[in-house]
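Peer 1: structure for this input, please:
(2 chains)
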Amino acid sequence: MNPATAGGHAPEGIIVGESSPRNVVPHRFRHLLGIEPLPAEQILFLLDQSKPFQGIQKNPLKKLGTLRGKSVALAFFEPSTRTRISFATAAARLGADTMNLQAESSSLKKGESLLDTAHTLDAMKPDCIVMRHTSSGAADFVARHLEVPVINAGDGTHEHPSQALLDALTIRDRIDRIDGLNVTILGDIQHSRVARSNIHLLGKFGCHFTLCGPAMWLPHELEHIGPPGCTIRRTARIEEALEGADVVIVLRVQQERMNEPALPMGEYILMYQLTEERLRRARPGALVLHPGPMIRGLEIDPAVADGPQSCVLDQVTNGVAVRMMLLYLLMGTPTDAVPGAEPMADNK
Amino acid sequence: MLWINKGRVVDPASGTDSPLDVLIDGERIAAVGPFAEISHAVANRGGKCDTLDASGLIVAPGFIDLHCHLREPGGEGSETIETGTRAAARGGFTAVCPMPNTRPVNDNASVTRSIVERSANASTRVWPIGACSMGSKGESLAEIAAMKNAGIVAVSDDGRPVATAKLMRQVMDYCGSLDLPVIDHCEDASLAAGAVMREGQTSVRLGLRGMPAEAESICVVRDGVLAGLTGARLHIAHLSAKGSLEFVRGAKKRGYRVTCEVTPHHFTLIDEDVVYDSNFKMNPPLGSREDREELLGGLADGSVDAIATDHAPHEPASKAVEFDKAPFGITGFETAFSLSLEQLFHTGRVKLMRLVELFTTGPARVLGMERCIAVGQLADLTLFSTEHAWTFHAAESASKSRNTPFDGRTFKGAPMATILGGRVTYRR
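Peer 2: Numbers count the residues shown, from 1 in each chain, chains lettered A, B, ... in the order given. Alright, predicted model coming up:
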């Protein structure tokens, strides 16, 4: 049975995919707060489950009725355009309604606590809360207090699990595997939730990471945050970092962070901008990913951003598929009935 | 009269550790001696006497807490002198030293007098600590001499460090002349700015802003050097980092008048225990595994002078927020001694006499006081068991607040009775 055409609940919360035997593994979490606690086979299951939803993106008619009558609360306490629209599109294509809370117009501005806001949202009986927040651990905090499934759409400088899933899906589509790759991440690693989630995800498949950026954004502790079996090295020299890379993930340089710690923008461009010339040090055909929003001419040369190695637009398309998959799994199945199911929050 | 019989008196001041009875008349100790001697003394005084059976218990001088926050005046929603000292008595304390960061700040004699007056019926003695600077703002000296006349036992700008080396030097010079210890919350404000936990692998993994251990040590070194310059008595509050303790050891060797305290949470927990639970958020933050080892070593070898709670109550709503937005601090009165037994005594790291010292003569010496069990002394006594099994439930705490990481923890050993000036303030 294809989940995209199932139109209802799969038996016992187990979604049987096309043919792969590992698709019989049910997902064992109620919330998706981070990649770190997920076992590798759960991640493969999620990637496999995304496939049919990728197919739907190519259909002329993209809307399903699978989650008709269900509603998703999009609680974006931190301004976001791309991720919010991606989740909203995913919900719409599944037939679910969305309730929107945005930082600019929210009661948080009036001094309401996150917990009170979360309880208020919960009282409107959504079937899932997708939240983004500036505080690391905020999604974890809300999940501890609510029964409704919570999807972390980015918490501070901690995790951004749906981004890592869509990145992995994009890589797997292009080069057929995600294990044992040489992955180079460029930018402000210390403050990047995208970097953390990618390290947790690809690290579970034995990838070798090279983290590169200005030294003060590269604390040595980063070498130890990955899962067992992955290697993480740091270098402040971009030429060295790109040597032999299969995948290059370019992070957005957050200009609001340029003052803390201080680094003039020109210095960054001089030392760390991904140019065509520098990219030639990577493996031929190495993939270039960027979580967006991308600032051309700062962290990335426009020629690279628009070049054949760039996966930026695939990432956006896959983002909708991954988010449809997540909403489908967390809202469309009675996960409580899965034998041995443990809420992910307990693993933290 | 109150006759404490069949107990084992452990008194670090005299080195006593023997089965002795204690007879209290009014608020003072009337006799200390073997059972036969005390029965004779009781008979001589007419034979009418209450007794407190202390069999199996240790009878120690009353515990002193050098560092706590009672929140009165101004923060009565989270604690009052009445509820805070009741919790302290349950923890075996007979004297507590509240920090001056109340609203208003205890930076002048009228606030000090008000705290002393409100403490008249408290469950422990309340020895206030005055601010170093007006409003603890780090700009100009507070009215330290007037506060001393009104009852402060030390000065501190706790909650924050004494802002500049220049001000610290002035405070030390002035307090040296008044014979008051200067207590500093050591933290380099620029290194610690915005941090919510200790910098390390856990902070990097959780994406929480960390302060390096050096934020504390840099300030300890500054203060220690100034203590050498001025000859003043410096006491380092809630010392948490290995490098800080190493410096304190060196300063003591050089003959500087430097003392330090360590909290039970810093020698029990580490940064790895932080998982976005604001009950694990305090300042200084929990340190590394190596820091904790070093603190345990210092508690054993004598380089740490006292165990202090840094009892910091907060209303539940203020802690039930995002980790980085929660206030620093946890409660500590009722778990301090049992945690110390757990980490120090039952592990064999520390002998009973030394453990009692860390709660009694150790903190007393920091304040320039004496603490002993002897005829004529105030009958401030703590009776404790090293074996009594119990579970701490935050909901049953006498404190108004519940912000503790130790809710539900099971302990072996506890304070069993607390006596303040001959009056029983707590009986388990």
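
Peer 1: make it CA atoms for all contacts and neighbour counts henceforth
Peer 2: Noted.

Peer 1: shaky segments in the stretch 51-200 of chain A?
Peer 2: A:104-109 (pLDDT under 70).

Peer 1: chain B contacts on that one?
Peer 2: Contacts of the stretch 51-200 of chain A with chain B, taken as C-alpha under 8 Å from any C-alpha of the partner chain, map to A:113-115, A:135-138, A:140-141, A:156-158, A:190-191, A:193, A:196.

Peer 1: go again using 7 Å as the cut-off
Peer 2: Residues of the stretch 51-200 of chain A lying near chain B by C-alpha under 7 Å from any C-alpha of the partner chain: A:113-115, A:135-138, A:141, A:157-158.

Peer 1: quick check: residue A:130 is in a strand.
Peer 2: Yes. The assignment for residue A:130 is a strand, going by DSSP: H, G, I helix; E, B strand; the rest coil.

Peer 1: please verify my assumption that it contacts residue A:150.
Peer 2: Yes. Counting by C-alpha atoms under 7 Å, residue A:130 does reach residue A:150; the two are 5.8 Å apart.

Peer 1: tell me the bridge partners for residue 130.
Peer 2: In the absence of a named chain, chain A is used. In this entry, residue A:130 is beta-bridged to residue A:74, residue A:151, by DSSP bridges.

Peer 1: nope, chain B please
Peer 2: Applying DSSP bridges to residue B:130 gives these bridge partners: residue B:155.

Peer 1: got JSON lines for the residues of the stretch 51-200 of chain A next to chain B, with secondary structure and neighbour count too?
Peer 2: Listed next are those as JSON lines, based on DSSP: H, G, I helix; E, B strand; the rest coil; neighbours: other C-alpha atoms under 10 Å in any protein chain shown:
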{"residue": "A:113", "secondary structure": "coil", "neighbour count": "17"}
{"residue": "A:114", "secondary structure": "helix", "neighbour count": "19"}
{"residue": "A:115", "secondary structure": "helix", "neighbour count": "18"}
{"residue": "A:135", "secondary structure": "coil", "neighbour count": "20"}
{"residue": "A:136", "secondary structure": "coil", "neighbour count": "24"}
{"residue": "A:137", "secondary structure": "coil", "neighbour count": "28"}
{"residue": "A:138", "secondary structure": "helix", "neighbour count": "26"}
{"residue": "A:141", "secondary structure": "helix", "neighbour count": "22"}
{"residue": "A:157", "secondary structure": "coil", "neighbour count": "25"}
{"residue": "A:158", "secondary structure": "coil", "neighbour count": "28"}
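
Peer 1: let me know the closest of these to residue B:74.
Peer 2: Nearest to residue B:74 out of those is residue A:113 (C-alpha to C-alpha; 22.4 Å).

Peer 1: check contacts around the closest one.
Peer 2: By C-alpha atoms under 7 Å, 6 or more residues apart in numbering or on different chains, the contact set of residue A:113 is residue B:321.

Peer 1: switch the cut-off to 6 Å
Peer 2: Going by C-alpha atoms under 6 Å, 6 or more residues apart in numbering or on different chains, residue A:113 touches no other residue.

Peer 1: same question for residue B:420.
Peer 2: B:94, B:380.

Peer 1: roughly how far apart are it and chain A?
Peer 2: Distance of residue B:420 to chain A, given as C-alpha to the nearest C-alpha, to the nearest Å: 43 Å.

Peer 1: please apply the same query to residue B:105.
Peer 2: 26 Å.

Peer 1: number of residues surrounding that residue?
Peer 2: 21 (other C-alpha atoms under 10 Å in any protein chain shown).

Peer 1: phi, psi of it?
Peer 2: Phi and psi for residue B:105, reported as degrees, to the nearest 10, are phi -70, psi 140.

Peer 1: state the helix or strand in which the closest residue to residue A:177 other than its chain neighbours lies.
Peer 2: Among residues not flanking residue A:177 along the chain, residue A:171 sits closest, at 7.2 Å (C-alpha to C-alpha, 6 or more residues apart in numbering or on different chains). In the assignment (DSSP states H and E), residue A:171 maps to helix A:161-175.

Peer 1: what residues does the helix or strand that that helix is followed by touch?
Peer 2: Next helix or strand after helix A:161-175 toward the C-terminus (DSSP H and E): strand A:182-186. Strand A:182-186 has contacts (C-alpha under 6 Å, 6+ apart) with A:207-213, A:245-251.

Peer 1: now which of the residues you listed would you call buried?
Peer 2: Burial by neighbour count, judged by 16 or more other C-alpha atoms under 10 Å in any protein chain shown, picks out A:207-213, A:245-251 from the contacts of strand A:182-186.

Peer 1: among the residues you listed, give me the pair with the biggest separation.
Peer 2: Taking C-alpha to C-alpha as the measure, the buried ones among the contacts of strand A:182-186 span a maximum distance of 19.2 Å, between A:207 and A:213.

Peer 1: residue A:223: how many residues sit nearby?
Peer 2: 17.

Peer 1: next, the angle from the lengthiest helix in chain A to helix A:161-175.
Peer 2: What stands out as the longest helix in chain A, according to DSSP state H, is helix A:312-332. Interaxial angle of helix A:312-332 relative to helix A:161-175 (axes from the mean of the first three to the mean of the last three C-alpha atoms, to 10 degrees): 130 degrees.

Peer 1: give me the mean pLDDT for helix A:312-332.
Peer 2: When pLDDT is averaged over helix A:312-332, the result is 95.

Peer 1: for that helix, list the C-alpha coordinates in CSV.
Peer 2: Taking C-alpha atoms only, helix A:312-332 is exported to CSV below (Å, rounded to 0.1, in the frame of the first residue of the first chain):
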residue,chain,number,x,y,z
VAL,A,312,19.7,24.1,-3.7
LEU,A,313,16.4,23.9,-5.5
ASP,A,314,16.2,20.1,-5.1
GLN,A,315,16.6,20.7,-1.4
VAL,A,316,13.5,23.0,-1.5
THR,A,317,11.4,20.5,-3.4
ASN,A,318,12.5,17.6,-1.2
GLY,A,319,11.7,19.7,1.9
VAL,A,320,8.0,19.6,1.0
ALA,A,321,8.2,15.8,0.5
VAL,A,322,10.0,15.2,3.8
ARG,A,323,7.6,17.4,5.7
MET,A,324,4.6,15.7,4.1
MET,A,325,6.1,12.4,5.2
LEU,A,326,6.6,13.6,8.8
LEU,A,327,3.1,15.1,9.1
TYR,A,328,1.7,11.9,7.6
LEU,A,329,3.6,9.6,10.1
LEU,A,330,3.0,11.7,13.2
MET,A,331,-0.7,12.6,12.5
GLY,A,332,-1.9,9.9,10.3
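
Peer 1: and for that helix, what's in contact with it?
Peer 2: The contact list for helix A:312-332, computed with C-alpha under 6 Å, 6+ apart, reads A:9, A:50, A:53-54, A:86-87, A:90, A:166, A:289-290.

Peer 1: take these and keep only those in helices.
Peer 2: Counting by DSSP H, the contacts of helix A:312-332 contribute A:50, A:53-54, A:86-87, A:90, A:166 to helices.

Peer 1: return the closest of these with respect to residue B:134.
Peer 2: residue A:87 (53.0 Å).

Peer 1: nearest residue to the closest one in space, please, no chain neighbours.
Peer 2: residue A:323 (6.0 Å).

Peer 1: can you report how many residues lie near residue 62?
Peer 2: Since no chain was named, I'll use chain A. 13.

Peer 1: you looked at the wrong chain, it should be chain B
Peer 2: Residue B:62 sits with 29 neighbouring residues when counted by other C-alpha under 10 Å.
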